[in-house]
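Undergrad: Below is the sequence, then the predicted model.
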Amino acid sequence: MPRHSEISDDRPATLADVARLVGVSQQTVSRVVNNQGYVAARTRERVLAAVGELNYVPNRLAQGLARQRTQSIGFATNDIALHAPSQLTSGIERAAREAGYSLLVSIVPRYGVGQVTQAVRALRERQVDGVLINASLGETDALEVRRRFADLPCVFLDVPAGTPVNAALLDQEYGAALAAGHLAALGHTRIACIHGPHEAVAEHSRLRGWRSALAARGLSPVAEQEGDWSPASGYRAALSLLADGLPFTALLVGNDQMAVGALRALWERGLNVPGDVSVVGYDDTAESALLIPPLTTVRQDFPMLGQRAFGHLRRLLDQPEWRATTVTRPELIVRASTAPPGTSAQTLRQALRTVQDHLTRWPDG
């Protein structure tokens with residue numbers, strides 16, 4: 001059996017080199033490095049030791065071509081400067097890398113079938129094996145995109161629940177109902193809303209969740225404003241709500257970034273949070289726990305969703321007839337930006353001490 005020294009240093013080690021060093025077949029080595037099929041534990045250990053000794057790196061491209069694949073996937077998504085797309089990209093990239101796939105990203109600049117079509121077409125031209133689509137599409141539009149790319153495995157991440165496509169979704173309506181129910185349980189009856197752009201499927205679901213949870217308690221929003229997900233739009237929307245003169249003691253906001261702008265507007269108008277107005281965001285961005293006061297919000301595990309969506313796509317690549325939609329529920333994270341109406345200044349000072357304690361420990365805490 002050849003030793004490592006008998007293998008030339010001027011070329012990369014091959015599968016055959018590993019097999020010769022261990023004294024097993026190339027098929028056995030392949031099963032070990034691809035983690036497929038049964039191999040006895042002792043043999044697996046010897047193969048992995050040889051892989052390390054020879055610094056063997058599997059040729060994923062060659063493997064993909066043998067299966068008529070490029071070992072790459074595409075991700076068509078909204079602006080990755082936003083929290084959700086950036087976190088989804090992170091989760092997908094990690095899962096893809098661990099599975100030996102590369103990730104290509106194509107940005108969808110605006111809402112609509114045409115924009116999504118352009119982004120997916122650009123990815124298909126790069127010969128990706130399949131595509132994950134994180135663009136807000138109603139059922140009709142999603143089915144149209146699916147029809148246009150019938151030859152390309154696709155998984156959708158932002159379509160209405162019940163759309164007959166392969167999808168990995170978050171239950172936006174449930175999360176929004178948690179937020180509205182929390183405020184109602186605290187005793188708030190005059191609740192205003194700042195929702196995202198009307199083109200966004202997720203925001204339609206959140207609005208339904210807010211309104212249904214309030215209606216179940218005999219309530220309805222006292223006023224509503226629309227933003228575009230950005231902090232600046234949340235700031236403008238909150239100022240508009242205050243200028244309308246309709247008093248409210250609580251504010252539901254469609255995402256944490258708009259909530260940041262709303263908090264600024266309330267502060268400028270001399271209103272305490274939560275003493276005068278309780279505020280609930282959505283997403284649980286990394287900064288939300290460090291705001292003053294820390295923001296009550298709805299946590300969505302976007303990296304996990306990205307990994308799950310990639311898992312769906314891999315299964316679809318191996319089983320083209322497979323069909324499934326999974327829906328994950330978010331959770332409510334209660335912090336110091338919400339309290340019963342008329343919360344005293346003493347309670348607010350305690351909330352500030354809480355965040356100060358947290359900052360003292362951060363980042364280690």
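TA: On my side now, so go ahead.
Undergrad: out of everything not next to it in sequence, what's closest to Gln300?
TA: In this structure, Gln300 finds its nearest non-sequential neighbour in Pro330, 4.6 Å apart by Cβ to Cβ, 6 or more residues apart in numbering. C-betas here are computed from N, CA, C, even on glycine.
Undergrad: right, I mislabeled it, should have said Arg315
TA: Of all residues not flanking Arg315 in the chain, Trp322 sits nearest, at 5.6 Å (Cβ to Cβ, 6+ apart).
Undergrad: ok, the residue nearest to Gln300 to Ala202 distance?
TA: Taking Cβ to Cβ, to the nearest Å as the measure, Pro330 falls 11 Å from Ala202.
Undergrad: All the helices of this structure, in order from the start?
TA: Listed in chain order, the helices found in the chain under DSSP state H are 15-22, 26-33, 41-54, 60-66, 83-98, 113-125, 139-148, 172-186, 201-215, 231-243, 256-268, 302-318, 345-361.
Undergrad: check contacts around Gly187.
TA: Neighbour list for Gly187: Pro340, Pro341 [criterion: Cβ atoms under 8 Å, 6 or more residues apart in numbering].
Undergrad: Could you report the separation of it from Asn255?
TA: As defined by Cβ to Cβ, Gly187 lies at a distance of 25 Å from Asn255.
Undergrad: circling back to that earlier point, show me the one of the helices of the chain that comes nearest Ser288.
TA: helix 256-268 (5.0 Å; Cβ to Cβ).
Undergrad: Going by neighbour count, list what's buried in that closest one.
TA: Neighbour counts over helix 256-268 (16 or more other Cβ atoms under 10 Å) mark Asp256, Gln257, Met258, Ala259, Val260, Gly261, Ala262, Leu263, Arg264, Ala265, Leu266 as buried.
Undergrad: what about the residue lying closest to the third one once chain neighbours are set aside, distance to Trp267?
TA: In space, Met258 comes closest to Gly234 once its chain neighbours are excluded; the distance is 3.0 Å by Cβ to Cβ, 6+ apart. Look at Gly234 and Trp267: by Cβ to Cβ, they are 13 Å apart.
Undergrad: Run a quick neighbour tally on Pro274.
TA: Residue crowding around Pro274 was assessed by other Cβ atoms under 10 Å; the count is 26.
Undergrad: From Met304, how far off is it?
TA: On the measure of Cβ to Cβ, Pro274 and Met304 end up 30 Å apart.
Undergrad: now Leu186
TA: In this view, Leu186 and Met304 are 29 Å apart by Cβ to Cβ.
Undergrad: Likewise for Gln87?
TA: Gln87 is 9 Å from Met304, by Cβ to Cβ.
Undergrad: What of Val260?
TA: When Cβ to Cβ is the yardstick, Val260 and Met304 sit 24 Å from each other.
Undergrad: With Asn34 instead?
TA: For Asn34 relative to Met304 (Cβ to Cβ), the value is 25 Å.
Undergrad: wait, the residue nearest to Met258 sits on Glu226?
TA: No - between Gly234 and Glu226 no contact is recorded; they are 10.5 Å apart, counting by Cβ atoms under 8 Å.
Undergrad: what about these two, which has more around it?
TA: Taking neighbours as other Cβ under 10 Å, Gly234 and Glu226 compare with Gly234 leading, 30 against 16.
Undergrad: List the contacts of the residue nearest to Arg315.
TA: Asn166, Arg315, Leu316.
Undergrad: ends of stretch 271-288, how far apart?
TA: Using Cα to Cα, to the nearest Å, the end-to-end distance of stretch 271-288 comes to 19 Å.
Undergrad: nope, stretch 157-176 is what I meant
TA: Here the two ends of stretch 157-176 are set 18 Å apart, with distance taken as Cα to Cα.
Undergrad: Need the residues touching each of Gly234 and Glu226.
TA: Counting by Cβ under 8 Å, 6+ apart, the common neighbours of Gly234 and Glu226 are Ile194.
Undergrad: How many residues are close by Ser25?
TA: Other residues near Ser25 number 10, with proximity taken as other Cβ under 10 Å.
Undergrad: Looks like it contacts Ala19 (just checking).
TA: Yes - in this structure, Ser25 sits in contact with Ala19. The criterion is Cβ under 8 Å, and the distance is 6.1 Å.
Undergrad: For the residue nearest to Gln300, which residues are in contact?
TA: With contacts defined as Cβ under 8 Å, 6+ apart, Pro330 is in contact with Leu170, Asp171, Gln172, Tyr174, Gly175, Leu178, Val298, Arg299, Gln300, Asp301.
Undergrad: rerun at 7 Å
TA: When contacts are counted by Cβ atoms under 7 Å, 6 or more residues apart in numbering, Pro330 touches Leu170, Asp171, Gly175, Val298, Arg299, Gln300.
Undergrad: now Ile194
TA: So, once contact is read as Cβ under 7 Å, 6+ apart, Ile194 ends up touching Gln225, Gly227, Gly234, Ala237, Ala238, Leu251, Val253, Gly254, Met258, Ala262.
Undergrad: 10 Å instead, please
TA: Taking Cβ atoms under 10 Å, 6 or more residues apart in numbering, we find Ile194 in contact with 223-227, 233-238, 240-241, 251-255, 258-259, 261-262, 265, 279, 281.
Undergrad: now Ala76
TA: By Cβ under 10 Å, 6+ apart, the contact set of Ala76 is 104-108, 115-123, 131-135, 145, 154, 156-157.
Undergrad: Please name the bridge partners of it.
TA: With DSSP bridges as the criterion, the beta-bridge partners of Ala76 are Ser106, Ile133.
Undergrad: now it: how far from Ser220?
TA: The spacing between Ala76 and Ser220, counted by Cβ to Cβ, is 37 Å.
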